[in-house]
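Peer 1: Sequence first, then the predicted structure:
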Amino acid sequence: MSNFNFPVKKQTYAIALKNTKDAFVAGDTETGLDYLEKSISLCKELIAHCSVEQWQRELSIELKKLETIKSNFLEKGINPFAPRAAQERQTGGGQGEKSGEKNPVYFSKESPDVTLADIAGLKEVKKQILLNVITPLKDPDLYYKYKEEAGCQILMYGPPGCGKSFVAEAIAGELKCAYAIVNASDILDKYVGEAPKKIVQIFEEAKSYDNCLIFFDELEVLFASRESDDSTHTKDVLTTFLTCLSGFNSKKSKTNVRVVIGATNRPWALDSALLRGKRFDTHLYVGLPDEEARRFMVKRAFKNSGELLENTDLTVDELVGMFDGYSGADISSMVEKMKSLALERALTKRAQGEQGLEPVTKADAKKVFDGYRNSITPESLCAYEAFRRGEI
Ligand SMILES: Nc1ncnc2c1ncn2[C@@H]1O[C@H](COP(=O)(O)OP(=O)(O)OP(=O)(O)O)[C@@H](O)[C@H]1O
Ligand SMILES: [Mg+2]
């Protein structure tokens, strides 16, 4: 069984990325290149051990970006994090889309087709969303008797794969609104001075929509506590973000709902300024699915293939019990693996001229569990509990 600890590796990767940028910004390109190579190899490792397709895709995009940065540096001598003016001098007037670029578009106007009904469990999360996001639109007369403005700034935290990004998509789906998903690398993989500019652009673009949602993922990479990172660059990013956030909810009309959601796996690593006052004032723990939520997920995973749990020694109840302690992402990925084992058997039988389906069996489930490492440990859950109690 592999000893690969995905969250720890991801953190090491984030640190390597940051060291890469810091070294290049400081002009120490030799060290920058070392860290860049380390980031590339960590990214490859993460891709190889990633069981969730969506993350694999995101990491592959990042890997491509890093490889482009490396080849631009090695072949053209471009320091990827030199200030813009210096960069343009290096390339003789700018390169590709970065020079003379128009403001990039961050928002997608096509809302996702998931809604709150697709979320398993997470009752408190759904309650807060109904209160702050759905009610102002559905019943503005009632809502504005109690509140001055609609919208909210929510911090979602919790272990990986438990639905933070999924919840953000569901809110955009409910609101049928424009939404932007902003990953740390969208902002930090830029020239010095560009990160604050990007943040301003995102909020400016958001204001052009009546209803909108901005989802900032990997907040701890963007806004690490100033004790752990005291660079001016990091401070600028944080200050700009807080300024944009404070003017964002102002009421334009009763039909506006503006939502900013931040997500992190490591809330204790965030700069405390983010959590004070009217900033991310609602903190929601997005934790492991309870029994009811696991049942919902297992049923959903077999929604179009219910026959695979008929005439077999494995029941939904047993699967729900076995998945105790696993995230939603793990559950869907493990069920897929179980189905693949059953499919292999069906194909073998077919090759021998036998028709019919092969159901998923207890032996399939056992095999998948034996070969799967649950990345969410009891110790990591204790850390969230300690954060919730204000101890860390
Ligand atoms: N509570 C849930 N209800 C329904 N589906 C879920 C839930 N939790 C996770 N999933 C499924 O797992 C997938 C991965 O979850 P998601 O990406 O939202 O996790 P995350 O908390 O954002 O993880 P990370 O911290 O790594 O970004 C989702 O796309 C969804 O299919
Ligand atoms: Mg996520």
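Peer 2: Arrived safely, thanks for sending. Ligands and ions are numbered 1, 2, ... in the order given.
Peer 1: Report how many residues lie close to whatever residue of the stretch 151-300 of the chain ends up closest to ligand 1.
Peer 2: Of all residues in the stretch 151-300 of the chain, Gly163 sits closest to ligand 1, at 2.9 Å by C-beta to the nearest ligand atom. Using the backbone N, CA and C atoms, a C-beta is placed for each residue, glycine as well. By the criterion of other C-beta atoms under 10 Å, Gly163 has 27 neighbours.
Peer 1: what's near enough to touch Ser71?
Peer 2: By C-beta atoms under 8 Å, 6 or more residues apart in numbering, the contact list for Ser71 is empty.
Peer 1: part of a helix, is it?
Peer 2: Yes: Ser71 forms part of a helix when assessed by DSSP: H, G, I helix; E, B strand; the rest coil.
Peer 1: Can you give me the pLDDT of the residue in the stretch 201-350 of the chain positioned nearest to ligand 1?
Peer 2: Closest to ligand 1 within the stretch 201-350 of the chain is Gly328: 2.4 Å, counting by C-beta to the nearest ligand atom. At Gly328, the model reports a pLDDT of 96.
Peer 1: roughly how far apart are Phe387 and Glu379?
Peer 2: Distance of Phe387 to Glu379, computed by C-beta to C-beta, to the nearest Å: 13 Å.
Peer 1: Can you pick out the residue with more neighbours from those two?
Peer 2: Taking other C-beta under 10 Å, Phe387 and Glu379 do not tie; Phe387 has more neighbours (18 against 7).
Peer 1: Can you give me the pLDDT of that one?
Peer 2: Phe387 is assigned a pLDDT of 91 by the prediction.
Peer 1: wait, it sits on Arg266?
Peer 2: No: counting by C-beta atoms under 8 Å, Arg266 is not a contact partner of Phe387; they are 9.0 Å apart.
Peer 1: Overlap in contacts, these two.
Peer 2: Tyr157.
Peer 1: Counting neighbours, what do you get for Thr135?
Peer 2: For Thr135, using other C-beta under 10 Å, the count is 17.
Peer 1: now stretch 359-369: mean pLDDT?
Peer 2: Here stretch 359-369 scores 97 as its mean pLDDT.
Peer 1: Report the buried residues of the helix or strand harbouring Ala170.
Peer 2: Taking DSSP states H and E as the criterion, Ala170 maps to helix 164-175. Judged by neighbour count using 16 or more other C-beta atoms under 10 Å, the buried positions of helix 164-175 are 164-175.
Peer 1: Which elements pack onto the one helix or strand Asp317 maps to?
Peer 2: Using DSSP H and E, Asp317 sits in helix 316-322. In terms of contacts (3 or more C-beta pairs under 8 Å, 6 or more residues apart in numbering; DSSP states H and E), helix 316-322 is packed against helix 291-301, helix 362-370.
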